[in-house]
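>>> Please work out how this folds:
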Amino acid sequence: MKFRNMAAAAVGMVFLAAASLAQTARIEGDVIGFDGKPLPGAVIKLHRTDIVQDYKLTTDKKGHFIQVGLQPGGIFKVTVEVDGKDVDSQQGHATLVDPEPMKFDLAKSKVAKDMANNALNKAIQAGGAITPDMERGLSAEQKDALEKKLKDDAENIKKHKELNDSYAAGLTAMEAKQWDVAITSLEKASTVDPKATPVWANLADSYLADSASKTGADRDAEIQKGMDSYGKAIDLKPEDAAIHNNYGNALAKIGKYTEAMAEMNKAAQLDPPGAGKYYYNLGAILVNTGQSDAAVAAFQKSIAADPNYADSYYQYGVSLMSQAKIGADGKVTPAPGTVEAFQKCLSFGDKCTHTQECNDSIAALGSSVDTSYTDPNAKKSTTKKKK
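Numbering: from 1, shown residues only. Prediction:
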């Protein structure tokens, strides 16, 4: 009977032991150092996040670590410490059977990136040299990448300086109207950085301005270079309305009015709020080049795009003046809408910068108009006059 009780007790102990073993979980993993090799002796800290529970161990000579005897399902923050500093961390789970080893690659950690950036900054401050102290903690791959970046940065800095110096010299020459000097400087800038849009735009203006001092084939060649430069600027930044506007002005100056109008239309599509200005600029050039009919169309577009652009009405009226008819008796019959255009400009008050010209034009056409300006927002008096 005693033997039977002892046997039963032994069986119970076996079941208890089995139950205890069934509840044992573990966390394990591997640590690769900054140099890309397994890191022995790294401190591994396990901090359970759902309850207060902490463990500390170190990696073996193969960079491996394992912590057993954990409660299944426990969630831990697993941190790798090197030389007294936390360098990487991950979330780990205590599992019962064959857990997937955690992987810590310190070369890919945030700390490694910070170290590389610090080394880069120090190297730049030291004139591009990497000292042994800077190399500490960097893998061979990181060192190679750092050296390449330093080389690229040095080349970019040199290139950037050349570009800025040449571009600045070009702009200074343009201000002084030294077009040949401007062209030389801006051509140099364009070779340093062929994708610098402002360089091509200013080079185009310089070529076109310089063409005015030339004749024949030389003039034609300069104009073509200017047009080609505008083409490159537009290829680089087709969404820039200002470039299309300037290109349109240039085209109008050499008599390519259809192409100029197309460029102004493009500028207006890209920048609707500025459309009135773009068509006004085109109209002004057409007036100055004696293309009154084309100017009329340009100012009509300007007014349609921005009905509050006062001076567009004045220029529209000026353009229509050329279409006035003179009868056999010498009487001038203005084109329809001429007087109304001047009157409309006057209606804007101070916004009309051609008040005197508008009045003079109306008088010359034999019409009269009340040119006094009344504020439409002013309150009208309600006081009745006594009889």
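>>> Distance check, His64 against Thr58.
10 Å (Cβ to Cβ, to the nearest Å). From N, CA and C alone the C-beta is placed, and that goes for glycine too.
>>> and what of Gln269?
From Gln269 to Thr58 the distance is 69 Å (Cβ to Cβ).
>>> got the contact list for Pro198?
By Cβ atoms under 8 Å, 6 or more residues apart in numbering, Pro198 lies in contact with Tyr167.
>>> quick one, phi psi at it?
phi -60, psi -30 (degrees, to the nearest 10).
>>> Ala242 contacts Lys266, correct?
No - between Ala242 and Lys266 there is no contact under Cβ atoms under 8 Å: 11.5 Å.
>>> more neighbours, these two?
Higher neighbour count among Ala242 and Lys266: Lys266, with 19 against 14, using other Cβ atoms under 10 Å.
>>> got a list of what the more buried one touches?
Applying Cβ under 8 Å, 6+ apart to Lys266 gives the contacts Ala241, His244.
>>> Next one: Ala324 from Leu57, what distance?
From Ala324 to Leu57 the distance is 101 Å (Cβ to Cβ).
>>> And the strands in this protein?
Along the chain, the stretches classed as strands by DSSP state E are 25-32, 43-48, 53-58, 64-70, 75-82, 85-93, 102-105, 325-326, 332-333.
>>> List the buried residues for the second one?
It stands for strand 43-48. By neighbour count on 16 or more other Cβ atoms under 10 Å, the buried set for strand 43-48 is Val43, Ile44, Lys45, Leu46, Arg48.
>>> ditto for the fifth one
Buried positions in strand 75-82, judged by neighbour count with 16+ other Cβ under 10 Å: Phe76, Val78, Thr79, Val80, Glu81, Val82.
>>> give me the beta-bridge partners of the closest residue to the fifth one other than its chain neighbours?
Same thing as Glu81. Excluding the flanking residues, the one nearest Glu81 by Cβ to Cβ, 6 or more residues apart in numbering is Val43, at 3.9 Å. For Val43, the beta-bridge partners are Thr58, Glu81 (DSSP bridges).
>>> for the one 10 residues further on, same thing?
In this structure, Gln53 has beta-bridge partners Arg48, where bridges are defined by DSSP bridges.
>>> Show the contacting residues for Gly327.
Neighbour list for Gly327: Thr333 [criterion: Cβ under 8 Å, 6+ apart].
>>> Next, give phi and psi for it.
phi -80, psi 170.
>>> Mean pLDDT per helix and strand in this protein: which one sits at the bottom?
Lowest by mean pLDDT, DSSP states H and E among the helices and strands of the chain is helix 2-22, with a mean of 46.
>>> Just give me the residue closest to the centre of the chain.
The centre of the chain sits closest to Lys237, judged by Cα atoms, centre = their mean, with a distance of 11.7 Å.
>>> That one is in contact with Ile243, isn't it?
Yes - in this structure, Lys237 is within contact of Ile243 by Cβ under 8 Å, at 6.3 Å.
>>> Pull up the overlap in contacts between those two.
Shared contacts of Lys237 and Ile243 (Cβ under 8 Å, 6+ apart): Thr197.
>>> what's Asp60 in contact with, if anything?
Pro40.
>>> Contacts made by stretch 354-366 with the rest, please.
311, 314, 317-318, 321, 324, 331-332, 334, 338-339, 342-343, 345-346, 352, 368-369, 371.
>>> ugh, wrong one, stretch 235-251
Residues contacting stretch 235-251 (Cβ under 8 Å, 6+ apart): 195, 197, 200-201, 204-205, 208, 226-227, 230, 233-234, 257, 259-264, 266-268, 270-271, 274, 278, 281-282, 285.
>>> what about the stretch 1-150 of the chain, any weak spots by pLDDT?
Segments of the stretch 1-150 of the chain classed as low confidence (criterion: pLDDT under 70) are 1-23, 99, 115-143, 145-147, 149-150.
>>> Could you rerun that using 80?
The model of the stretch 1-150 of the chain has pLDDT under 80 over residues 1-24, 96-99, 110-150.
>>> tell me the contacts of Pro272?
Here Pro272 is in contact with Ala305 (criterion: Cβ under 8 Å, 6+ apart).
>>> quick check: domain ranges of this protein?
Domains of the chain are assigned by automatic domain parsing as 23-108, 139-229.
>>> Redo these as CSV? Include distance to Ala364.
Output for those, formatted as CSV (distance: least, Cβ to Cβ, whole Å):
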stretch, distance to Ala364
domain 23-108, 82
domain 139-229, 34
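>>> Looking at those domains, which is nearest to Ser302?
Counting by Cβ to Cβ, Ser302 lies closest to domain 139-229 out of these; the figure is 22.8 Å.
>>> Give me the distance from that closest one to the chain's centre.
21 Å (Cα atoms, centre = their mean, to the nearest Å).
>>> How about stretch 339-349?
With Cα atoms, centre = their mean, you get 42 Å for stretch 339-349.
>>> what is the mean pLDDT for that stretch?
Averaged over stretch 339-349, pLDDT sits at 94.
>>> C-alpha coordinates for it, CSV please?
Output in CSV follows, covering the C-alpha atoms of stretch 339-349 (Å, rounded to 0.1, in the frame of the first residue of the first chain):
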residue,chain,number,x,y,z
VAL,A,339,-13.9,106.1,-77.9
GLU,A,340,-15.4,103.5,-75.6
ALA,A,341,-12.0,102.1,-74.9
PHE,A,342,-10.6,105.4,-73.8
GLN,A,343,-13.7,106.1,-71.7
LYS,A,344,-13.4,102.7,-70.0
CYS,A,345,-9.8,103.5,-69.0
LEU,A,346,-10.9,106.8,-67.6
SER,A,347,-13.7,105.0,-65.6
PHE,A,348,-11.0,103.3,-63.4
GLY,A,349,-9.8,106.7,-62.0
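>>> buried sites along it?
Neighbour-count burial for stretch 339-349 [16+ other Cβ under 10 Å]: Val339, Glu340, Ala341, Phe342, Gln343, Lys344, Cys345, Leu346, Ser347, Phe348.
>>> Spit out the contact partners of the residue nearest to the last one when sequence neighbours are not counted.
Excluding the flanking residues, the one nearest Phe348 by Cβ to Cβ, 6+ apart is Ala310, at 3.9 Å. Contacts for Ala310 (Cβ under 8 Å, 6+ apart) come out as Cys345, Phe348, Lys351, Cys352, Thr353.
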